[in-house]
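Undergrad: One predicted model, sequence on top.
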Amino acid sequence: MAPKFKSNLELVKQVDCFPNSITEPEAFSERMADHARLMYLSHTVGYIIPSVLEALQDKELSGEWWEFTPGVVRLLGDTEEVRTKNIGETLDRWRKAKRFQVLSGWRNEMYTIYAPQGKPCFIMERSATPLFGVIAYGSHMTVYIPATATSPMKLWVPRRAAGKQTYPGMLDNTVAGGMGDGANPWECIIKEAGEEASLEAEYVRAHAKAVGYVSYFYVRHKEAGGEAGLLQPEIEYCYDMVVKEPSEGGPVPRPCDGEVDEHLLMDVEEVKMHLADGKFKPNCSAVLLDFFIRHGILTAENEPDYLEIYARLHRRLEFPTR
């Protein structure tokens, strides 16, 4: 049987796959029927699936730091510091009890969860964020060589290390990384450019440009590591960096920290082929489709699902943001 290639809309749907309360109200209501909202004051900051809710309601396992009303969970604590300590205690218990497989990927990286107006609500371990359906943030950069009269546009594409816990061996954006506590998107991309691609900080500062963001609500696959079905809304800040051909002195990304096996220089048609073949990490597909839209490669004239693709790549999430 011939392989089934994914359309651009299918690529978007694989990463933005939790029902939207505005455009899919019935599907959203059905999905939320057995989920709980993680609330801070009157604001929803995350969604909790039934298996996590069951664990939270076990006081011996999870502690006394949680309050429950129908469909709602609240993390107790009068200050950010106390709430951070309380959720940390719960996660430490879960990790020691091996309650959730996703916590085997513990990173010792802290992510900030926000209250309205960009105020921190609490800070938590990165690997645990999908258990609570809270927003995670990252920065992604596409490094490319512009088209000329004799050569098509080319993109630098890394292949993730075969030994990575998440999406091993898949294709990625040139540089990408999660934003831990206190980080900003610009410094994150500069740091990751050095660690993942051996690109000098001074060069990145001089040539990289902020170009917007993508946002979506992902339901994790098993390839993400840990349990399938965990919830992961994300906002990814996007950067472009124009470089010259290597033969003309342009930088060549090289693996540095063990997270990447190799960097490949692909023209746009090769990238499209690998996208359709499902070779890219799901959220990197979203970043590349946004890149194609911004550079006039994907347009309303050549893509019948253009409007839906664009809207879903910039989903308005219900939760407070940074």
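TA: Sure thing, it's come through. Residues are numbered from 1 along each chain as shown.

Undergrad: what secondary structure does the residue nearest to residue 267 when sequence neighbours are not counted sit in?
TA: Computed as C-beta to C-beta, 6 or more residues apart in numbering, the closest residue to residue 267 that is not its neighbour in sequence is residue 152, at 4.4 Å. (C-beta placed from N, C-alpha, C; glycine too.) Put simply, residue 152 is coil when judged by DSSP: H, G, I helix; E, B strand; the rest coil.

Undergrad: and residue 152, what does it touch?
TA: Contact analysis of residue 152 by C-beta atoms under 8 Å, 6 or more residues apart in numbering lists 267, 268, 269.

Undergrad: ditto for residue 200
TA: Contacts of residue 200 (C-beta under 8 Å, 6+ apart): 194, 251.

Undergrad: change it to 10 Å
TA: Counting by C-beta atoms under 10 Å, 6 or more residues apart in numbering, residue 200 touches 190, 193, 194, 206, 251.

Undergrad: and residue 220, what are its phi and psi?
TA: Per-residue torsions, residue 220: phi -70, psi 140 (degrees, to the nearest 10).

Undergrad: hang on, it packs against residue 136?
TA: No: Residue 220 lies out of contact with residue 136 (C-beta atoms under 10 Å); the separation is 11.2 Å.

Undergrad: what is in contact with those two at once?
TA: With C-beta under 10 Å, 6+ apart, residue 220 and residue 136 have common neighbours 130, 232.

Undergrad: Closest one to residue 238 out of the contacts of residue 152, please.
TA: residue 268 (17.1 Å; C-beta to C-beta).

Undergrad: what's the neighbour count on the closest one?
TA: Using other C-beta atoms under 10 Å, residue 268 has 18 other residues around it.

Undergrad: Report the spatially nearest residue to it, omitting neighbours in sequence.
TA: Using C-beta to C-beta, 6+ apart, the closest residue to residue 268 is residue 153 (5.1 Å).

Undergrad: ranges for the strands of the chain?
TA: Along the chain, the segments classed as strands by DSSP state E run 36-40, 43-48, 66-69, 72-75, 110-114, 120-125, 136-145, 154-160, 175-178, 208-219, 231-242, 260-267.

Undergrad: Nearest to residue 4 among these would be which one?
TA: Comparing these by C-beta to C-beta, strand 208-219 comes nearest, at 20.5 Å.

Undergrad: is it true that the residue nearest to residue 268 touches residue 147?
TA: Yes: applying C-beta under 10 Å as the test, residue 153 and residue 147 come out as touching, 4.2 Å apart.

Undergrad: Reformat the contacts of residue 152 as a markdown table; add distance to residue 37 and pLDDT.
TA: Compiled in a markdown table, these are given as follows (distance: C-beta to C-beta, whole Å; pLDDT from 0 to 100):
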| residue | distance to residue 37 | pLDDT |
| --- | --- | --- |
| 267 | 46 | 98 |
| 268 | 42 | 98 |
| 269 | 45 | 97 |
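
Undergrad: In this structure residue 121 contacts residue 81, no?
TA: No: in this structure, residue 121 is not within contact of residue 81 by C-beta under 10 Å, at 11.4 Å.

Undergrad: ends of stretch 100-110, how far apart?
TA: 18 Å (C-alpha to C-alpha, to the nearest Å).

Undergrad: how far out from the middle of the chain is that stretch?
TA: 16 Å (C-alpha atoms, centre = their mean, to the nearest Å).

Undergrad: For residue 282, see how far away the residue most central in space within the chain is.
TA: Nearest to the mean C-alpha position of the chain, counting by C-alpha atoms, centre = their mean, stands residue 234 at 4.7 Å. For residue 234, the distance to residue 282 (C-beta to C-beta, to the nearest Å) stands at 10 Å.

Undergrad: Now for these two: what residues contact both?
TA: Common neighbours of residue 234 and residue 282 (C-beta under 10 Å, 6+ apart) are 15, 16, 216, 218.

Undergrad: Just the pLDDT for the third one.
TA: At residue 216 the predicted local distance difference test score is 98.

Undergrad: mind listing what the residue lying closest to it once chain neighbours are set aside touches?
TA: Leaving aside its sequence neighbours, residue 216 sits nearest to residue 16 (C-beta to C-beta, 6+ apart; 3.8 Å). Neighbouring residues of residue 16 by C-beta under 10 Å, 6+ apart: 214-219, 233-234, 282-283, 286, 308-309, 311-315.

Undergrad: Do you know the pLDDT at residue 16?
TA: 98.

Undergrad: do the same with the one 5 residues further on
TA: Looking at residue 21, its pLDDT stands at 94.
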